[in-house]
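>>> sharing a model that was predicted from the sequence below.
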Amino acid sequence: MSKVKVGVAGYGVIGTRVAAGVVLQEDMELVGVADVAPTLPVRSLKERGMPFPLFAAVPGSETELEEAGIPVAGSFEDLLGEVDIMLDAAPGGIGARNKEHYVRAGVKAVFQGGEAAGVADVFFHGTTNYEQGLGADYLKLTSCNTTGLIRAVHAIHQTVGIAKAFVTIIRRVADPGDTHRGLTNVLQVEAIPNHQVVDLMHIIPEIDATGMLIHTPVTHGHIITLSVTPKREMSVAGALEVFRAYPRIKVVRIADGFNSNSSLFQWARYLENPRADMYEIGLWEEMVGKSGDDLVFAINIPQESVTIPETIDAVRAAMEMQVTSDTAVAATDGYLGI
Ligand SMILES: NC(=O)c1ccc[n+]([C@@H]2O[C@H](COP(=O)([O-])OP(=O)(O)OC[C@H]3O[C@@H](n4cnc5c(N)ncnc54)[C@H](O)[C@@H]3O)[C@@H](O)[C@H]2O)c1
């Protein structure tokens, strides 16, 4: 089978990581990435000897890129002429504009969580509704929090069913490089429900969910606490067994030293994972408990890298490389080394 040809638009926090993820997939080829400016990640490509070509994402941007000494392989249209599918990781809202180019070029595309829902035909989550993405032209990923949240909720839901869920998002306010967000010292609250539970109900409509969101001035991972009402009795031990068996969930122990969001970030560094990325959500063994019949637990979301596996699943669905979630997820995770 010939390799599926993939391009990436936007070489930032997410674009660098989806590009690296695609390079690892032996049944895909990264044709190139497109960006508009000589940002640090773009400059790093030159320092690395251009491991893959860079294209100018908007007309005129090649001038600034070339003035910074970065070789430009061609225009956005040139890139679109060579690919089967684009992974759009441009800032939220720009993807919708890029879509006009994808439609004109007859190229499929996968958008990230910052785009409005209307940009895509399918709101996609690799382990939960893979089959809905089969053959689709335009797919949109859930956001980082929602991606991780759905993994944990779906693990229990597919085993005993969940009637309702209450979800509190303790949201990191910025990524590590985001100096433009300022030096903050405040906990900012939002009205209920948070968008993540609304999106959860879009992907798994039979669960009645609501929840709160609090922005916190940290950068290394969100924490989400959940209380879910199972339809059948589920013990703490039973829940842990289900979480351990579900893809992309890593059960960790406070007793072993995993006592914070940053301990998981540090763990990825000790493993020498590129960029300290973790594809799995962390789930604390000692934080799984019961409140009456409800199950309570907490998860860690490595926001910069958590959506990469599901993004690659979306390529597999759109290109019909595998027809079931299980086989697609196994292929993605095998190549990513999860
Ligand atoms: N940062 C996160 O933690 C995170 C997590 C999950 C999903 N997302 C989503 O991923 C998407 C990208 O976010 P990000 O954090 O990687 O942004 P980012 O700002 O780090 O990177 C965006 C890149 O796109 C480039 N760009 C600007 N205009 C462009 C255009 N017209 N065409 C192509 N590239 C263009 C920018 O120069 C920049 O390099 C958003 O939808 C966001 O909501 C972000």
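Yes, it's here. Everything numeric in this text was worked out from a predicted model, so none of it was measured.

>>> so which helix or strand takes in the residue nearest to residue 329 when sequence neighbours are not counted?
By the measure of C-beta to C-beta, 6 or more residues apart in numbering, the closest residue to residue 329 outside its immediate chain neighbours is residue 247, 5.2 Å from it. C-beta coordinates here come from the backbone N, C-alpha and C atoms, glycine included. Using DSSP states H and E, residue 247 falls within no helix or strand.

>>> tell me how far residue 247 lies from the ligand.
In this view, residue 247 and the ligand are 18 Å apart by C-beta to the nearest ligand atom, to the nearest Å.

>>> so for the longest helix anywhere in the chain, mean pLDDT?
Secondary structure of the chain read by DSSP state H shows that its longest helix is helix 144-160. Computed over helix 144-160, the mean pLDDT rounds to 98.

>>> sec struct for whatever residue of the stretch 101-250 of the chain ends up closest to the ligand, please.
In the stretch 101-250 of the chain, the residue found nearest to the ligand is residue 114; the distance is 2.3 Å by C-beta to the nearest ligand atom. Under the three-state scheme (DSSP: H, G, I helix; E, B strand; the rest coil), residue 114 adopts coil.

>>> nearest spatial neighbour of it, chain-adjacent residues omitted?
Closest residue in space to residue 114, ignoring its immediate chain neighbours: residue 92 at 2.6 Å, by C-beta to C-beta, 6+ apart.

>>> I'd guess that neighbour is in a helix, am I close?
No - counting by three-state DSSP, residue 92 falls outside a helix, being coil.

>>> can you report how many residues neighbour it?
Neighbours of residue 92 under the rule other C-beta atoms under 10 Å: 13.

>>> give me the contact list for stretch 83-102.
Residues from elsewhere that reach stretch 83-102, judged by C-beta atoms under 8 Å, 6 or more residues apart in numbering: 4-12, 14-15, 18, 22, 31, 57, 76-77, 80, 107-116, 118-119, 138, 311, 315, 318-319.

>>> out of the residues you listed, which are buried?
Applying 16 or more other C-beta atoms under 10 Å to the contacts of stretch 83-102, the neighbour count classes 4-12, 14-15, 18, 22, 31, 57, 76, 80, 107-115, 119, 138, 311, 315, 318-319 as buried.

>>> among these, which ones are in strands?
Under the assignment DSSP state E, these contribute 4, 5, 6, 7, 8, 9, 31, 108, 109, 110, 111, 138 to strands.

>>> now distance to residue 231 too, for those, in TSV please.
Supplementary listing: those in TSV, determined by distance: C-beta to C-beta, whole Å:
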residue	distance to residue 231
4	39
5	44
6	40
7	43
8	41
9	42
31	46
108	37
109	37
110	33
111	33
138	34
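
>>> of those, list those near the ligand.
Among these, the ones lying close to the ligand by the criterion of C-beta under 6 Å from any ligand atom are residue 9.

>>> can you pull the buried residues of the helix or strand containing residue 237?
Secondary-structure assignment from DSSP H and E places residue 237 in helix 236-245. Of the residues in helix 236-245, 238, 239, 242, 243 count as buried by neighbour count, 16+ other C-beta under 10 Å.

>>> residue of the stretch 201-338 of the chain with the smallest distance to the ligand?
Of all residues in the stretch 201-338 of the chain, residue 303 sits closest to the ligand, with a separation of 3.6 Å (C-beta to the nearest ligand atom).

>>> what about the helices in the stretch 1-150 of the chain?
Chain-ordered helices for the stretch 1-150 of the chain, with DSSP state H, counting those that start in this stretch as the definition, fall at 13-24, 40-47, 61-67, 76-80, 94-105, 144-160.

>>> make JSON lines from the ones you listed and add distance to residue 131 to it.
Rendered in JSON lines, the data for the helices of the stretch 1-150 of the chain read as follows (distance: least, C-beta to C-beta, whole Å):
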{"stretch": "helix 13-24", "distance to residue 131": "22"}
{"stretch": "helix 40-47", "distance to residue 131": "34"}
{"stretch": "helix 61-67", "distance to residue 131": "38"}
{"stretch": "helix 76-80", "distance to residue 131": "27"}
{"stretch": "helix 94-105", "distance to residue 131": "23"}
{"stretch": "helix 144-160", "distance to residue 131": "14"}
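
>>> and these: which comes nearest residue 222?
Proximity to residue 222, assessed across the helices of the stretch 1-150 of the chain by C-beta to C-beta, is greatest for helix 144-160 (5.5 Å).

>>> other SSEs contacting the helix or strand following the closest one?
Using DSSP H and E, the next helix or strand after helix 144-160 towards the C-terminus is strand 162-172. Other helices and strands packing on strand 162-172, by 3 or more C-beta pairs under 8 Å, 6 or more residues apart in numbering; DSSP states H and E, are helix 144-160, helix 195-203, strand 208-216, strand 222-230.

>>> tell me which of the ones you listed is the most buried.
Mean neighbour count, computed with mean count of other C-beta atoms under 10 Å, is highest for helix 144-160 among the helices and strands packed on strand 162-172, reaching a mean of 24.

>>> that one vs helix 195-203, what angle?
For helix 144-160 and helix 195-203, the angle between their directions (axes from the mean of the first three to the mean of the last three C-alpha atoms, to 10 degrees) works out to 50 degrees.

>>> helix 144-160 near the ligand anywhere?
Yes - part of helix 144-160 sits close enough to the ligand to count as contact by C-beta under 6 Å from any ligand atom, namely residue 144.
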